[in-house]
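Chemist: sequence plus the predicted model coming up.
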Amino acid sequence: MISVRRAAAALAAGAVLSTTVATAATAAPSPTPSPAKVPAGLYGTSDPTYDGVWRQSLAFLAQRTSGIQPADQAVDWLLGQQCANGAFASYRPDPAKPCDAKTMLDSNATAVAVQALTAVKRQSADPAKTEKAAKAGAAWLKSVQNKDGGWSYVPGGASDANSTSIVISALASSGVRPADVKSTGGKSPYDALLTFALPCADPGAKDTDKAAARDTDKDGGASGAKGDGGAFAYQPDKTGKLFANADATAAATLAGLGKGITARGAQPQQPVTCTDLPKPTAERAALNGASYLAARLAATGHLTTPPMPGATETAEQPDYGNTADAVVALAAAGAKKEAAGALAWLEKNAPAWAKTGGPAAYAQLVFAAHAMDTDPRSFGAVDLLEQLNATGPAPKAPDNSEASAGADEDESGFDVWWIIGIGMVVGVGIGFLMSGRKK
C-alpha cells in the first residue's frame, strides 16, 4: 500500500480500462502544482495529483493508532475532496467544482478515505457530517462492485486483489459485514479475493517480484509452501495465469483475516503454514499468504523490487513500503516472530526512506510499529509520529475526557468486526479464531 504503487496504478488505469470508461480514463489530471501551491490542510509538500487523498487518509489512520486527532483544517480538506455521490478521486485541485463524467473516481482513494473519516469522526468538528461522509463513501463502493464480487482501481475495470482488499477493510470499518455485500452475480468480496490466491502446490507459479522465496526451518518458520505457493496475485494475466505479488499478498492477507492496516498483532504466536483445503476459505487463504510472506522475509530480511525501467540501478532494490505492509500482515496473522527481523531492518534503514516519501511512508512505518507493539515514538532513533505530524497542520490537543476514553481501540472497526466474526472459520481452527480476538 505504498504511495508509489498508487501513482503507478493511477497512471496505468487509462491503459487498462476499455471503452466502457474511456471518458474517465482519458481525463487528464490537473497540472502538477509546485510545493508552494499544495492546498492548506493537506499533509506533505509533493505533488498530490495521484496520492492526495491517499496520503491524507493514511496520515489520519496512523495518528489515530496513538490517539492523535488531526486538525479540523486537515479533516475539512479531506471532506472537501468527496464528490456528491460519495466517491473520491485521487485528488481534486478545485473542490468547489462539482465532479462530472471526466472526474476519475478511485475506489482505493474512496476506501481509505472511508476508513480515515470513520477513525477521526468522534473528535472532529462535526461528527455527524464526518460520519455521513464515511457512510456515503461506503455506499458508493457497494454501488460499483463488480459482478465477480470484487473491485477495480477505477470502476469499470477488472477486479484486482489490492482494490478488493482495501474495499473489504473500508466496508468493515463503516459497520458493514463484507460477506453480506453481494454483487449482481450473487458473489461476495471473498469470492473475488479467493480467485487471486495461488494454491500451496502450484508447479507453474512464477514470482513477478523477481525474488525467490524459500522454506525455513520447522522451528516457527514458514513451511508447507513451495516457491510462490500461498501467495496472491494482483490480477491474472491474459491467459488466466496467476503470478505471485508480495504487495497484493500483504493486502489480501489482512482482508482475509477481517483486519486492516491498523491491525494489532494477534496472540499467541501461530504456526505459519500453507495448507490447501478441498473448499478454500478466505481465512485459510490469508494464512497461506502469511506463509508466503514469512518465507520471502526469511530469505533477505526484507522485500525487494526490480529496478524501474530506465533506472541506473541494475540490481533489485529494498522495498521499504511493502516490507512494512508484510510486517503488519504477519503480525495480524499471529506470526510476530517471523516479522521481527523485518521490523528490526525497517527501524535501522527505513527512516531515511520515509523522510523522502513523506506522510504516507511515515504512516506505513507507524502501522508496522503498532502491529508489533513497538513504540512509534522510538522507532530506531526516530519519533515517527513527530515526523508525521510535522508534514501537516498541527494536530488538535489530546482529548482526555471520559467520553473519549477507549475511542482508539474500536474506531477503525476492523477488530470489532473480527471479534464479531465473519462466519467463515472452516479449516482455520478455533485456536486461531480465539487468538484473533486478542488485540
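Modeler: Received, thanks. Just so it is clear, the model here is predicted, and its values are computed rather than measured.

Chemist: give me the neighbour count for residue 355.
Modeler: Close neighbours of residue 355, defined as other C-beta atoms under 10 Å, add up to 13. Heads up, the C-betas are built off the backbone N, CA and C, glycines and all.

Chemist: please name the nearest non-neighbouring residue to it.
Modeler: Take residue 355 and drop its neighbours on the chain: the residue closest to it by C-beta to C-beta, 6 or more residues apart in numbering is residue 387, 7.2 Å away.

Chemist: buried residues, the helix or strand encompassing that neighbour. List them.
Modeler: Applying DSSP states H and E as the criterion places residue 387 in helix 384-389. Buried residues in helix 384-389, defined by neighbour count with 16 or more other C-beta atoms under 10 Å: 384, 385, 387, 388, 389.

Chemist: list the contacts for the third one?
Modeler: Put plainly, it is residue 387. Contacts for residue 387 (C-beta atoms under 8 Å, 6 or more residues apart in numbering) come out as 351, 354, 355, 362.

Chemist: now the fourth one
Modeler: The contact partners of residue 388, taken as C-beta under 8 Å, 6+ apart, are 43, 59, 62, 63, 359, 362, 363, 366.

Chemist: in helices, which of those appear?
Modeler: Taking DSSP state H as the definition of helices, the contacts of residue 388 contribute 59, 62, 63, 359, 362, 363, 366.

Chemist: which residues of the stretch 251-400 of the chain fall in strands?
Modeler: Under the criterion DSSP state E, counting those that start in this stretch, the stretch 251-400 of the chain contains strands at 304-305, 317-318.

Chemist: residues in contact with the last one?
Modeler: It stands for strand 317-318. Residues outside strand 317-318 that contact it (C-beta under 8 Å, 6+ apart) are 302, 303, 304, 305, 306, 307, 349.

Chemist: how about 6 Å then?
Modeler: 302, 305 (C-beta atoms under 6 Å, 6 or more residues apart in numbering).

Chemist: bridging residues for residue 244?
Modeler: Bridge pairing for residue 244 (DSSP bridges) gives the partners residue 207, residue 233.

Chemist: count of neighbours near it?
Modeler: Residues within reach of residue 244, counting by other C-beta under 10 Å, total 26.

Chemist: distance-wise, check it relative to residue 125.
Modeler: 45 Å (C-beta to C-beta, to the nearest Å).

Chemist: check residue 260 too.
Modeler: 25 Å.

Chemist: who has more neighbours, those two?
Modeler: residue 260 (29 against 13).

Chemist: so what does the closest residue to the more buried one other than its chain neighbours look like in phi/psi?
Modeler: Spatial nearest neighbour of residue 260, excluding adjacent residues (C-beta to C-beta, 6+ apart): residue 169 at 3.7 Å. Here is the backbone geometry of residue 169 (degrees, to the nearest 10): phi -60, psi -40.

Chemist: from residue 98, how far off is residue 169?
Modeler: Counting by C-beta to C-beta - residue 169 and residue 98 are separated by 28 Å.

Chemist: settle it for me: which of the two has more neighbours?
Modeler: residue 169 (27 against 10).

Chemist: and the pLDDT for that one?
Modeler: As predicted, residue 169 sits at a pLDDT of 94.

Chemist: for residue 315, same thing?
Modeler: pLDDT, residue 315: 80.

Chemist: swap in residue 271?
Modeler: Note for residue 271: predicted pLDDT of 86.

Chemist: what do you get for the one 10 residues further on?
Modeler: The predicted local confidence for residue 281 comes out at a pLDDT of 96.

Chemist: now the longest helix anywhere in the chain: how far from the chain's centre is it?
Modeler: The longest helix of the chain (DSSP H) is helix 336-357. Mean C-alpha position of helix 336-357 versus that of the full chain (C-alpha atoms, centre = their mean, to the nearest Å) differs by 17 Å.

Chemist: and that helix, average pLDDT?
Modeler: 97.

Chemist: for that helix, packing partners?
Modeler: helix 320-332, helix 359-371 (3 or more C-beta pairs under 6 Å, 6 or more residues apart in numbering; DSSP states H and E).
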